[in-house]
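In: My questions are about this predicted structure, shown below with the sequence.
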Amino acid sequence: MTNAVAGLGLAPDAAMVTFPIEMFLPGSDIGLVEARKQEFYDGLTRWRSPLAGAGAGEPPMLRVEGTSVEDTFARANHLMLSNRWGDGLPLWPPTRERVDWILRGTAEARRRKLGTFPPRGGVTTVESCAIALAMAGGRPEYLPVLVAVVEAFLDPESGSETLQAASGSAFPVVIVNGPIGARIRLNAGFGCLGPDPQRPAGASIGRALRLLQQNLGGALPGIGTMANYGGLRHTNVVFAEDEASLPAGWAPHGTERHGFAPGTSSISLAFANGAVNIRRRGAKKETPEEDALQGMHRMADFMRVPNMAGLAGYEHGTPGILMIPGVVAQTMVGLGWTKASIREFLWEHSRIPAEALRRAGGPAWIEIDTSKVVRESLALDPWPITAQPENFVIVVAGGGHPTNSYWLQGYSPGVVGRRIELPAAFESLLAEAERDLGPE
Amino acid sequence: MVRLEFHDPSGTIEIKRPHAARIPALAGKRIGFVSNEQWQAYRMLPLLKALLETDFPGIEVLPIDAFPQGNAVIGSEETAALVKASAVDAVVIGNAA
């Protein structure tokens, strides 16, 4: 519960009295408050931070010994799991050699501090990223992306402090733009959100971010994060926009949302709490116009839900990330649609009638929101799921097939972008990757 | 034997926000509550107020609604200023779950 409180903005080591979740439910027996009143009294009078004096010096290197390579590897994994440093899947022990190898992916000083990971407050450095990437099976050429992602994550605008603790099972979504995506084999096509042995970059980078969220940030299930379900958290979501398939006149996401010049390698970070595949195309003899329009209605229908967690991004964030394949984007442009008109359509047709919102208890959540814009939106009928059409993130990604689109429902106070900085020796890292992974 | 040495991935901790000094005793002190009105705070905090008033002679516990309530406002500078101006010796903040 400690970190859940920190999600409200308190220090992770603040004096707290914690109770089982049952006591926080409607109609609960609150007798424990009296039974444990002394803990409140002590918190006001005698308490001292358990972290007082902490933070001095680096932790020592860990050592394991085994009877064989396999035995030693297993012991290292058991040590990491028993210390709650893993995700349950096998980990690469972050040896000095492996971490130094990963650090070849940056020209930055290994001790450069990127911030402190909320809510636990773990000091986050370039080396921290390399350690996590080593554990996640990553490679040096992924490190510049991870460093940019972590910088964005630690930006207060991202809302990561709440994300880390909240019950909403949100997960980071990273969209990569620019040439680096293809160069490090970050998938933008078929199966771009799933495992791919020839394109493992997204899984490794996302897994490393997850390990940082836990190991430095303290977001452990039921202890630091109250996420009911925690879906998609093994690897989070990391993919590249399929810029080669962008229709004429469509700017890359990094340019459109963050203002980076086209061709700039960059990341864009948002948070989502849902993921759903949408059967987009028609099934019979629809005309191209009917096929496009029906698909648009079907996508808007998936968005027309009282996602109260999404209120966090109502004003400046995003209601979600819509992924559409390049072949669909190009077809729609051929029919006269623009990205702006797609957004306008989705915004208009995802609005929720006030009566439907009322019966779902939506107004209570809207009334207590911190944003005046959100509170004032309650006067609108039908109620728009986001303040403006521009908040929808639309990216071209996924296999070259027209049947499906994908909706990552937002839980994202902000959408934060960062430029990716590459080391001078980047080309040699790519040559090594080609050697290790084989031709693509 | 095969030996393996590797980094501790939990790193170091940095404490950025110092905590207020504790008060030596509760008797005769002025205590406030800052409530987000979530998670049964409307029941639990009044109970705690009553317990404090029973157990400590001369204690003054401000009403639960003495300060703005709700997640939207309890973290604001305005609320912090009101708490400070009220001259309370300590505050209890709740509830999170």
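Out: Received the coordinates, thanks. Numbers count the residues shown, from 1 in each chain, chains lettered A, B, ... in the order given.
In: Find the residue closest to the residue in the stretch 251-400 of chain A that chain B sits nearest to in space, skipping its chain neighbours.
Out: Of all residues in the stretch 251-400 of chain A, A:T370 sits closest to chain B, at 4.2 Å by C-beta to the nearest C-beta. From N, CA and C alone the C-beta is placed, and that goes for glycine too. Nearest residue to A:T370, sequence neighbours excluded (C-beta to C-beta, 6 or more residues apart in numbering or on different chains): B:A72, at 4.2 Å.
In: Then A:E141?
Out: In space, and not counting its chain neighbours, A:E141 is closest to A:L429: 4.4 Å by C-beta to C-beta, 6+ apart.
In: quick one: that neighbour is in a strand?
Out: No. In this structure, A:L429 is helix, not part of a strand, as judged by DSSP: H, G, I helix; E, B strand; the rest coil.
In: just to revisit the earlier point, that's a helix at the residue of the stretch 251-400 of chain A closest to chain B, yeah?
Out: No. A:T370 is assigned coil when assessed by three-state DSSP, not a helix.
In: Now it, what are its backbone angles?
Out: phi -70, psi -20 (degrees, to the nearest 10).
In: So what sits opposite the spatially most central residue of chain A in the bridge?
Out: Centroid-nearest residue in chain A, with C-alpha atoms, centre = their mean: A:P172, separated by 0.3 Å. Listed by DSSP bridges, the beta-bridge partners for A:P172 are A:F271.
In: sec struct for the residue nearest to A:T370, please.
Out: Per three-state DSSP, B:A72 ends up coil.
In: burial measure for A:D87, as a count.
Out: 17 (other C-beta atoms under 10 Å in any protein chain shown).
In: can you check the one 10 residues further on too?
Out: Residues within reach of A:E97, counting by other C-beta under 10 Å, total 11.
In: can you tell me which residues contact the residue of the stretch 251-400 of chain A closest to chain B?
Out: Taking C-beta atoms under 8 Å, 6 or more residues apart in numbering or on different chains, we find A:T370 in contact with B:N71, B:A72, B:V73.
In: swap the cut-off to 10 Å and go again
Out: A:T370 makes contact with A:L311, A:A312, A:E315, A:P413, B:G70, B:N71, B:A72, B:V73, B:G75, B:S76, according to C-beta atoms under 10 Å, 6 or more residues apart in numbering or on different chains.
In: same deal with A:G361?
Out: Contacts for A:G361 were tallied using C-beta under 10 Å, 6+ apart; they are A:P306, A:M308.
In: How about A:Q409?
Out: Residues in contact with A:Q409 (C-beta under 10 Å, 6+ apart) are A:170, A:272-276, A:302-303, A:305, A:307, A:309-310, A:318-321, A:385.
In: which stretches of the chain have low pLDDT?
Out: In the absence of a named chain, chain A is used. The model of chain A has pLDDT under 70 over residues A:1-10, A:12, A:52-57.
In: Hmm, no, I was thinking of chain B.
Out: Within chain B, the ranges that satisfy pLDDT under 70 run B:15-16, B:97.
In: Which stretches in it count as strands?
Out: Taking DSSP state E to define them, one finds strands in chain B at B:2-6, B:30-35, B:60-61, B:90-94.
In: just chain A next, same as before
Out: Using DSSP E, strands in chain A cover A:62-66, A:113-117, A:122-125, A:171-177, A:237-240, A:266-279, A:318-324, A:393-396, A:404-412, A:416-419.
In: Of those strands, which is nearest A:E376?
Out: strand A:318-324 (17.2 Å; C-beta to C-beta).
In: right, and B:A96 touches A:T18 too?
Out: Yes. Between B:A96 and A:T18 there is a contact under C-beta atoms under 10 Å: 9.1 Å.
In: of the two, who's got more company?
Out: The residue with more neighbours, out of B:A96 and A:T18, is B:A96; 23 against 14, by other C-beta under 10 Å.
In: and A:R304, what does it touch?
Out: Here A:R304 is in contact with A:L346, A:H349, A:S350, A:R351, A:I352, A:P353, A:A356, A:P382, A:W383, A:I385 (C-beta under 10 Å, 6+ apart).
In: In those residues, find the pair that's most separated.
Out: A:L346 and A:A356 (17.7 Å).
In: out of these two, which sits in the more crowded spot?
Out: A:L346 (24 against 15).
In: Next up, the contacts around that one.
Out: A:296-297, A:299-300, A:302-304, A:319-320, A:322, A:385-386, A:389, A:392, A:394.
In: Report the separation between the nearest residue to A:I102 once chain neighbours are set aside and A:R98.
Out: Closest residue to A:I102 apart from its sequence neighbours, by C-beta to C-beta, 6+ apart: A:A130 at 4.2 Å. Look at A:A130 and A:R98: by C-beta to C-beta, to the nearest Å, they are 9 Å apart.
In: near chain A at all, the longest helix seen in chain B?
Out: The residue-count maximum for a helix in chain B (DSSP state H) belongs to helix B:41-55. Yes. Interface with chain A: helix B:41-55 contributes B:A41, B:R43, B:M44, B:L45, B:P46, B:L47, B:L48, B:A50, B:L51, B:L52, B:T54, B:D55 (C-beta under 10 Å from any C-beta of the partner chain).
In: from memory the first one sits against B:Q69, does it?
Out: In other words, B:A41. Yes. The criterion here is C-beta under 10 Å, and B:A41 meets it with B:Q69 at 8.3 Å.
In: Between these two, which contacts overlap?
Out: Residues touching both B:A41 and B:Q69 (C-beta under 10 Å, 6+ apart) are B:F33, B:V34, B:S35.
In: Tell me how many other residues crowd the closest residue to the second one other than its chain neighbours.
Out: This points to B:V34. Leaving out its chain neighbours, the residue that sits closest to B:V34 by C-beta to C-beta, 6+ apart is B:I93, at 4.7 Å. A count of neighbours around B:I93, defined by other C-beta under 10 Å, yields 22.
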